[in-house]
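In: Predicted model and sequence below, questions to follow.
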Amino acid sequence: MSSPISPPDNALIPVVKALRASQPSLGAAKLNVLLLKEHPEWTVSEKRLKKVLQTEGLTLTTGPAVTNGKSKGPTDANTKYPTSKLNPHLDISAFTEKVDAVFISEQKGKGLVAKAPIGEGELLWREDPFVHAAEWDVYDLQQTGNACQHCALPFVPAIPTLAVACSALNHGCSAMFCSRLCLTRAQQAGHALLCRGRNPPSKDLLDFARKERWRAVLALSQAVARIMTSWERGESEGREMLEAWGTFATLDQDVRAKTLPEWEFAQERHRALWNMAYDHFITALHPPDTDKSAQTRIRKIIKRPLPEDVREALFSYRGFLRGLGRISLNLDSHGGLFLLHSHMNHSCVPNLAVKQPPAGQAQKYPSSRIALVANRAIEPGEELTVTYVNPTWPYRRRKEALKEWGVDCNCERCEKEKHEEPEKAEEEDGGDNDLERELRMSFGV
Ligand SMILES: [Zn+2]
Ligand SMILES: [Zn+2]
Ligand SMILES: [Zn+2]
């Protein structure tokens, strides 16, 4: 037998990543034993493994977001509820004077409450998304210049007269915008980083998300591009944006995935997909320092270097899985991630409804903008709620689907229906959606 060899970093790192993903709570010494068991032909010191864990952001010290001011410490595979926190920079009065954000409970995290009487049918606020990963049919229109790359307005029957093309039109980007305003907003939100003309490797990242129909990857890339771009405008704006990103309710992707019924036999595939997505994500947005031409390309877009802690939060493998989990938990069914809307907890008898822009009004309201409307009169002090699942589903089906959000609903309707529905109730109404649901649960909307 030949003597063990010291593997190069590019061989070692993917193996360590996969190992860490399968053993999220093991210390370096035990991981090293497993590593050498898997690869008896290698010699890797514990010191070197620790260094890889550190540079790849796979150490155990990065705890989840803080709840109620208390750190929950290292990721715990049994963590049941998402963590969330209030965003001190979010000016709710700019949306509505009738609503306040409060910490509801350890289990529910933050939430919104009414601070004035609200009438049935009242429009409370309209909101544009933090990021918006359009549904695939609209996404395809965006990619061919037939819908606005920023606000997702489809250009039917013809491209509007005020529409403008991306400046990298002749370099491989087909993005079109309804107007200069949408172009400016898209630039502020980091289009250049996901522009096929200005940052060509973003094409592989976006094409991968499209092929896998994995909207969370698309939305996460947009969120990170947005944060990176805000950094360019100044450290305080960058910090504020990063902080806003950190306040969305969070359940790490790997922790969340373990609640899937098929986890036991599907975990290899999940992990392989996470790794593939991560490689595309890093290649496009955070290439290694040693890749000089990639560095030059990114520097042309983002001149201000990101501080180490920000790089760690956004680009370590742990940060990536956390981001994916965060997006999956908060993305609405139309692909929008909203700062204020995302505060709301679930109820099976919600007092607010989310309305999309009315058909035919797309010129007036961007199609990614939502409106929050009261389903009934609401008293001051009442918590505002929306439904996370199809409210026509019977009790057991809702309960099962809500696990995806770490929600164990005890609303009055659940309490009542729990006793009414027969134990073996099979829901016949939505079997056709099982595959879709399974995918959504795996990947996030
Ligand atoms: Zn637009
Ligand atoms: Zn472009
Ligand atoms: Zn309920």
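Out: Everything's here; your move. Numbers count the residues shown, from 1 in each chain. Ligands and ions are numbered 1, 2, ... in the order given.

In: quick one: average pLDDT of stretch 89-106?
Out: Mean pLDDT, computed over stretch 89-106, is 91.

In: ends of that stretch, how far apart?
Out: Terminal residues of stretch 89-106 lie 22 Å apart, using CA to CA, to the nearest Å.

In: what does stretch 127-139 give?
Out: 20 Å.

In: heads up, I number from 37, so please use that
Out: Yep, numbering from 37; the last one is stretch 163-175 now.

In: Which parts of it count as buried, going by neighbours?
Out: 163-170, 174-175 (16 or more other CB atoms under 10 Å). (C-beta placed from N, C-alpha, C; glycine too.)

In: now stretch 39-46
Out: Pro43.

In: Filter the buried residues of stretch 163-175 down to just the ones in helices.
Out: Counting by DSSP state H, the part of these found in helices is 174-175.

In: Generate TSV for the buried residues of stretch 163-175, with pLDDT and distance to ligand 1 as supplementary columns.
Out: Listed next are those as TSV, based on pLDDT from 0 to 100; distance: CB to the ion, whole Å:
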residue	pLDDT	distance to ligand 1
Glu163	94	16
Asp164	92	11
Pro165	93	12
Phe166	93	16
Val167	94	15
His168	94	11
Ala169	94	15
Ala170	91	11
Val174	91	12
Tyr175	94	14
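
In: Among the buried residues of stretch 163-175, which one lies nearest to ligand 3?
Out: Ligand 3 has its nearest neighbour among the buried residues of stretch 163-175 in Glu163, at 24.4 Å by CB to the ion.

In: what helix or strand does Arg221 sit in?
Out: Using DSSP states H and E, Arg221 maps to helix 216-224.

In: just checking, next helix/strand downstream of that helix?
Out: Downstream of helix 216-224, the first helix or strand assigned by DSSP H and E is helix 238-247.

In: and that next one, what does it pack onto?
Out: helix 251-268, helix 299-321 (3 or more CB pairs under 8 Å, 6 or more residues apart in numbering; DSSP states H and E).

In: Which of those sits closest to Pro402?
Out: helix 251-268 (15.3 Å; CB to CB).

In: Name the nearest residue to Arg162, sequence neighbours excluded.
Out: Of all residues not flanking Arg162 in the chain, Ala407 sits nearest, at 4.8 Å (CB to CB, 6 or more residues apart in numbering).

In: Surely the one you found and Leu159 touch.
Out: Yes. Shown here, Ala407 and Leu159 form a contact pair, counting by CB atoms under 8 Å, at 5.8 Å.

In: quick one, which of those two is more surrounded?
Out: More crowded of Ala407 and Leu159, by other CB atoms under 10 Å: Ala407, with 16 against 11.

In: which residues does the more buried one form a beta bridge with?
Out: Ala407 has these beta-bridge partners by DSSP bridges: Arg162, Lys391.

In: quick one: it from Gln392, how far?
Out: Counting by CB to CB, to the nearest Å, the gap from Ala407 to Gln392 is 8 Å.

In: can you list the weak-confidence ranges in the stretch 37-186 of the chain?
Out: 37-38, 60, 93, 95-116 (pLDDT under 70).

In: Pull up the residues of it that are close to ligand 1.
Out: By the rule CB under 5 Å from the ion, the part of the stretch 37-186 of the chain lying against ligand 1 is 184, 186.

In: Can you name the residue of the stretch 37-186 of the chain nearest ligand 1?
Out: Of all residues in the stretch 37-186 of the chain, the one sitting closest to ligand 1 is Cys184 (3.1 Å; CB to the ion).

In: residues in contact with the closest residue to that residue other than its chain neighbours?
Out: Distances taken as CB to CB, 6+ apart place Cys214 nearest to Cys184, at 4.4 Å, with adjacent residues excluded. By CB atoms under 8 Å, 6 or more residues apart in numbering, Cys214 lies in contact with 184, 186-187, 189, 191, 196, 198-199.

In: and those residues as a markdown table, adding secondary structure, distance to Ser81 and neighbour count?
Out: Output for the contacts of Cys214, formatted as a markdown table (DSSP: H, G, I helix; E, B strand; the rest coil; distance: CB to CB, whole Å; neighbours: other CB atoms under 10 Å):
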| residue | secondary structure | distance to Ser81 | neighbour count |
| --- | --- | --- | --- |
| Cys184 | strand | 54 | 31 |
| His186 | coil | 50 | 26 |
| Cys187 | coil | 53 | 23 |
| Leu189 | coil | 57 | 25 |
| Phe191 | coil | 59 | 17 |
| Pro196 | coil | 62 | 14 |
| Leu198 | coil | 62 | 11 |
| Ala199 | coil | 59 | 18 |
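
In: Specify which member of these is nearest to ligand 3.
Out: The nearest member of the contacts of Cys214 to ligand 3, counting by CB to the ion, is Cys187 at 33.6 Å.

In: For the stretch 237-386 of the chain, list the residues in contact with ligand 2, please.
Out: Close to ligand 2, as judged by CB under 5 Å from the ion, the stretch 237-386 of the chain has no residues.

In: Might you enumerate the residues of the stretch 237-386 of the chain proximal to ligand 3?
Out: Counting by CB under 5 Å from the ion, the stretch 237-386 of the chain sits next to ligand 3 at Cys384.

In: what's the neighbour count on Arg333?
Out: Neighbour number of Arg333 under other CB under 10 Å is 15.

In: helix or strand for it, which one?
Out: Counting by DSSP H and E, Arg333 is found in helix 328-337.

In: circling back: would you agree the residue of the stretch 37-186 of the chain closest to ligand 1 is in contact with Gln178?
Out: Yes. Cys184 lies in contact with Gln178 (CB under 8 Å); the separation is 7.3 Å.

In: orientation of the helix holding Arg221 relative to helix 251-268 in degrees?
Out: Angle between the axes of helix 216-224 and helix 251-268 is 90 degrees (criterion: axes from the mean of the first three to the mean of the last three CA atoms, to 10 degrees).

In: So what's the gap between helix 216-224 and the chain middle?
Out: 22 Å (CA atoms, centre = their mean, to the nearest Å).

In: Equivalent analysis for stretch 53-69, please.
Out: Mean C-alpha position of stretch 53-69 versus that of the full chain (CA atoms, centre = their mean) differs by 25 Å.

In: Relative to Ser378, how far out is the residue nearest to Arg162?
Out: The gap separating Ala407 from Ser378 is 15 Å, by CB to CB.

In: In the stretch 237-386 of the chain, what residue comes closest to ligand 3?
Out: Proximity of the stretch 237-386 of the chain to ligand 3 (CB to the ion) peaks at Cys384, 3.2 Å away.
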